[in-house]
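Enquirer: I would like to see how this sequence folds:
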Amino acid sequence: MSRWSADPLHIALAPGEVALLAGGESRLLATDIRDAASLLPLLDEALADPAWPRRRVEVVLSQQFVRQVLTPPPGKALARAEEAALVAASLREIYGDEAAGWRIAVHSQPPHAGLVGAAVDADFMQQLEALLARHRCRTVAISPLSSRAVRHLPSRFDGWWIGVESGWATLMGASGGVWQYLTAQPIDTDWRAALPDWLAREAECTATPIARQVWPQPFGLRAVGSVTMDDWHWHTLPHDPRARGATSLVDI
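Expert: Have a look, this model is predicted:
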C-alpha cells in the first residue's frame, strides 16, 4: 500500500517537465522536448513507483498546452451540447481546422456573458487518460492551470488576473465574478517591463469596463514586484519563490 494512500496525487505537466507531489514528497522529471506528448513516457516512468497514491489524482496542465476562448454572449440559456457547439465554433474561427482535433471543456456563465472554453489536443488527452488508467489511478481530474489558479481570487471577482509561466502569460478580466475578457500570448525575459503596456492596451479593448485591479500570479518565476500604473491597484497572490518550472504548478 502507498505510504500516502489517503493523500491526493498532484501531477503538473509543463513544457519539458513533469512534477509529482503527494504527502510532502515530490519528484521532477525533465526532457529536452517541449511538446505535451513527450511528457507521457516521463509520467509512465514516475508512476511505475507503487508508492505514489492512486485513489485521487489531480493533473494540472500548463497554459501552453491549452487554448482558451471567450465566446460571444449567447443571449439565452443553452443546453450543454449547445454550449459546446458555440465554444467549438469560436475556436474554429480563431484556429481553423486545427481546432477539429481538440477536446473541449466549457465554463458556463450568465447568458449576457460569453462562455469560457478550454481546448486540449484530443489524442494527447486520450493517451494521458489511458496511461493513468493503466496505472490504476481512480478518481482523476485534469484541469488547465488557469481554472485551478483563479480559485484563489475573491468571490465575485472584479479585476484582472495575470498568470505568468516561463514563456507564456494568460490575462483574464472579470466583473462581478463573470469573465468578460480573455487573452494569452508568448512572453520573453522582459515580460515584467512589458506588463503595464500590455494590460493597459487590453483594458481598452473590453466591451464592458473592468475594475483597474490586478492580481498577478507568477509560476516558477520571481514575483512581479512594484508596478506603477495610474489609477491601478496591484494585489498579491500566493507565490513560492523557490519553486521552478512544473514544481510551481503542483497543488495550486
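Enquirer: Neighbours of residue 153, how many?
Expert: Burial of residue 153, expressed as a neighbour count using other Cβ atoms under 10 Å, amounts to 18. All C-beta spots, glycine's among them, are computed from the backbone N, C-alpha and C.
Enquirer: Helices along the stretch 151-252 of the chain, start to end?
Expert: Under the criterion DSSP state H, counting those that start in this stretch, the stretch 151-252 of the chain carries helices at the ranges 191-203.
Enquirer: who's in contact with stretch 192-204?
Expert: Residues from elsewhere that reach stretch 192-204, judged by Cβ atoms under 8 Å, 6 or more residues apart in numbering: 160, 162, 169, 171, 173, 181, 183, 185, 187, 210, 212, 214, 216, 224-225, 227-229, 232.
Enquirer: Using PyMOL, define a selection of the buried residues within these.
Expert: Burial among the contacts of stretch 192-204 is assessed by 16 or more other Cβ atoms under 10 Å; the matching PyMOL selection reads:
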select buried, resi 160+162+169+171+173+181+187+210+212+214+216+224+232
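Enquirer: how about residue 143, phi and psi?
Expert: Here is the backbone geometry of residue 143 (degrees, to the nearest 10): phi -140, psi 150.
Enquirer: ok, now which ones touch it?
Expert: 58, 59, 60, 61.
Enquirer: pretty sure residue 147 contacts residue 118?
Expert: Yes - judged on Cβ atoms under 8 Å, residue 147 makes contact with residue 118 at a distance of 7.0 Å.
Enquirer: Pull up the overlap in contacts between the two.
Expert: Overlap between the neighbourhoods of residue 147 and residue 118 consists of residue 107, taking contacts as Cβ under 8 Å, 6+ apart.
Enquirer: and those two? which has more neighbours close in?
Expert: Neighbours were tallied for residue 147 and for residue 118 using other Cβ under 10 Å; the higher tally belongs to residue 118 (22 against 17).
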